[in-house]
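Enquirer: Next comes the sequence, and after it the predicted model I'd like to discuss.
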Amino acid sequence: MAVNLTANAIAAVNGGDVNLKPLVQILDVKSIGDSQDRYRILISDGVSTQQAVLATQLSDRVRSGRLGKGSVVQLIDYISSTVQNRKIIVILNMETIIANCDIIGHPKISSDYESIPQNTSSENSDHLGRESIIGQPSGSVGQARIKGNIVTDPGSSTQNFRPTVQPPYQPPPNYKNRGPITKNEAPARIIPIAALNPYQGRWAIKARVTAKGDLRRYNNARGDGKVFSFDLLDADGGEIRVTCFNAVVDRFYDSIEIGRVYLISKGSLKPVRKNFNHLNNEWEIFLESASTVDLCPDEDSSIPNQQFSFRPINEIENVDNNSIVDIVGIVMSINPSVTILRKNGMETQRRILNLKDESGRSVELTLWGDFCNKQGLELQEMVDSGFYPVLAVKAGKVNDFSGKSIGTISATQLFINPDFPEAQRLRGWFDRVGKNASSQSISRDVVPGGPWNETRKTVSQIKDEGLGRADKPDWVTVKATVSFVKTDSFCYTACPLMVGDRQCSKKVTRSGNGNWHCDRCDQEFKECDYRYLLQAQVQDHTGITWVTAFQESGEEMLGCSAKELYLLKYEEQDDVRFGEIIRSSLFEQYLFRLKIKEEVYGDEQRVKITVVKAEKVNFSTESAYLLDLISKPSPYKT
């Protein structure tokens, strides 16, 4: 198999080209000292040769035999550094193209190859083999730091040694040296976020703040502390998270503003914790006492305000639980904000809405905390007025509890009717055909959201067509009136605690001390929640049937919360007002979105009809729907 190595690859890499990704051949592999965890290699571009060091995460490839003398590889991530006046390439990632191949070309092996200092395994001058260089960023608090040719402990009196590992990145001409200047130092060069790595010395980045987290306090074995983070985006599309702890929080928290551009330098880089950081970067910046964060007054227009990676809603079905995604959709319905008690005893707000897009799917989005009363209230007013806004969600968290849904987290950002191409395209689609297009929900107990996009049925068709008897539930819309509501057991006492991002809602009982107790959560609390478990009859011109309405749909039918109704009946014993509320719901026309599924009760199989949403008929939009039906050709015409 003929292989062409990348011409002049050695010279280009040593010159600072980190984007070349050249094909090279390995001529020799040796362990560093007596270690079997660190290896140095000799690479060739067919003419020139160069020493290189493998990052520790690549060592297993040598031990397993997948990488050895003669291997042809493609360098993916790498840097070139000067150590003891010799160039060394540090290889962070590579791909093996051919495991074993004859020597390609006529490489000239450097005369000093065998004379490379072998004291790289010694305790005091291991510049290339130490984990602080290869495995993690140097300069971490509480760890030894490498300065010049001497490793010093942070508490040591050794000072003023010049770094021997210099930053290899050579910025393009548009990156000007505008870094902060300190006494007796040259300016730190401005580099793209994508070029940041822990093997550099001084650096600076110029980027826009796209998100700012809340100030959080914590307590652990080392005591109390506080932390906050913010996300950065630069002109090249690179993103990275910056984190501050304790005293550094006091310096920067108030000065960091979303949307502003800053020049940041003198931070330390550490491996990203993927469980807490969704950005596409292997590193995150930790600011320290010597770090600088300077506001850029020119607000560089080349840096975008935000960067999205939108996923169609139908793809969310196959996304792993707890994944972070960006979506954009039309808000088809939204529920009122409710107060939720978390397990830590703190109260928070929750509001649920439904989004649909061009993929033919809809999804439930749960707003938490301040989102409920800021963007949530604005969305509520729009939907109530008959307008269905576009909502873009940046960094929503996927939940797979009984179907897929999305919830907000501290890093989430919401954009209502944003001015960018994806939103404009979605608005155009919805106004043309999307309003009447059917969609299927990927979330639990949520019917395809929005008027006129479900299958319309009559009450008699539910039985005549055997709906609900298949493996999956049937979702239909029925226009009917409420003819009767059972009032002897219209609600139950429920657990108010949160399990993950959902309320427990299991039935609770009184304890001997007067508190409420939840068997599921195994906790007691003074106040319980009250949730609808409403049994009602609905009817249309074809028949009558029983339905069950839970919390949100019960509130839509009766116009008040279960707690308010419970207090009226059992605490205030105001039978007059209680009766007025029940009667006000009767013989009103609703569009009932129903979930129909056969379930087993004891030894008996019965079809259960659950009201997912009860919306009072808007006669204007209903007339438009009926006129549209009349205009369509009949399928029975010949």
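Expert: Looks like it arrived, so ask away.

Enquirer: Domain-wise, how is the chain divided?
Expert: The chain breaks down by automatic domain parsing into domains covering 9-152, 193-295, 313-436, 455-490+533-629.

Enquirer: End to end on the second one, go ahead and measure it.
Expert: If I follow you right, that is domain 193-295. End-to-end distance for domain 193-295: 17 Å, by C-alpha to C-alpha, to the nearest Å.

Enquirer: Which residues are in contact with the spatially most central residue of the chain?
Expert: Nearest to the geometric centre of the chain sits Ile324, at 2.0 Å (C-alpha atoms, centre = their mean). Listed by C-beta atoms under 8 Å, 6 or more residues apart in numbering, the contact set of Ile324 reads His278, Ala395, Gly396, Lys397, Val398, Ile409, Ala411. For the C-beta atoms, the positions are set from N, CA and C on the backbone; glycine is no exception.

Enquirer: what's the closest of the domains of the chain to Gln306?
Expert: When those are compared by C-beta to C-beta, domain 193-295 sits nearest Gln306, at 5.5 Å.

Enquirer: Return the distance of the closest one from the chain's centre.
Expert: 18 Å (C-alpha atoms, centre = their mean, to the nearest Å).

Enquirer: mean confidence for it?
Expert: Taken as a whole, domain 193-295 has a mean pLDDT of 88.

Enquirer: Now distance to Val499 too, for the domains of the chain, in JSON lines please.
Expert: As requested, these are exported to JSON lines (distance: least, C-beta to C-beta, whole Å):
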{"stretch": "domain 9-152", "distance to Val499": "36"}
{"stretch": "domain 193-295", "distance to Val499": "19"}
{"stretch": "domain 313-436", "distance to Val499": "8"}
{"stretch": "domain 455-490+533-629", "distance to Val499": "16"}
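
Enquirer: In terms of mean pLDDT, which of those ranks lowest?
Expert: domain 9-152 (a mean of 71).

Enquirer: Could you check how far the spatially closest residue to Asp214 that is not a sequence neighbour is from Gly543?
Expert: Among residues not flanking Asp214 along the chain, Ser410 sits closest, at 5.4 Å (C-beta to C-beta, 6 or more residues apart in numbering). Distance of Ser410 to Gly543, given as C-beta to C-beta, to the nearest Å: 50 Å.

Enquirer: so how far is Ala211 from the residue lying closest to Leu355 once chain neighbours are set aside?
Expert: Closest residue to Leu355 apart from its sequence neighbours, by C-beta to C-beta, 6+ apart: Gly329 at 3.2 Å. For Gly329, the distance to Ala211 (C-beta to C-beta) stands at 20 Å.

Enquirer: got it, and Ile79?
Expert: 29 Å.

Enquirer: Over to Tyr492?
Expert: 40 Å.

Enquirer: neighbour-wise, which of those two wins?
Expert: In this view Tyr492 and Ala211 are compared by other C-beta atoms under 10 Å, and Ala211 has more residues nearby, 20 against 17.

Enquirer: What strand or helix carries the more buried one?
Expert: strand 204-212 (DSSP states H and E).

Enquirer: just checking, what packs against that strand?
Expert: When contacts are defined as 3 or more C-beta pairs under 8 Å, 6 or more residues apart in numbering; DSSP states H and E, strand 204-212 packs onto strand 223-233, strand 239-245, strand 261-265, strand 390-399.

Enquirer: Give me the distance between the helix or strand following the last one and the centre of its chain.
Expert: Past strand 390-399, heading to the C-terminal end, the next element that is a helix or strand (DSSP H and E) is strand 405-407. Centroid separation for strand 405-407 versus its chain: 10 Å, with C-alpha atoms, centre = their mean.

Enquirer: hmm, who's touching strand 405-407?
Expert: So strand 405-407 is contacted by 316, 325, 327, 363-366, 368, 393, 396-399, 442-444, 501 (C-beta under 8 Å, 6+ apart).
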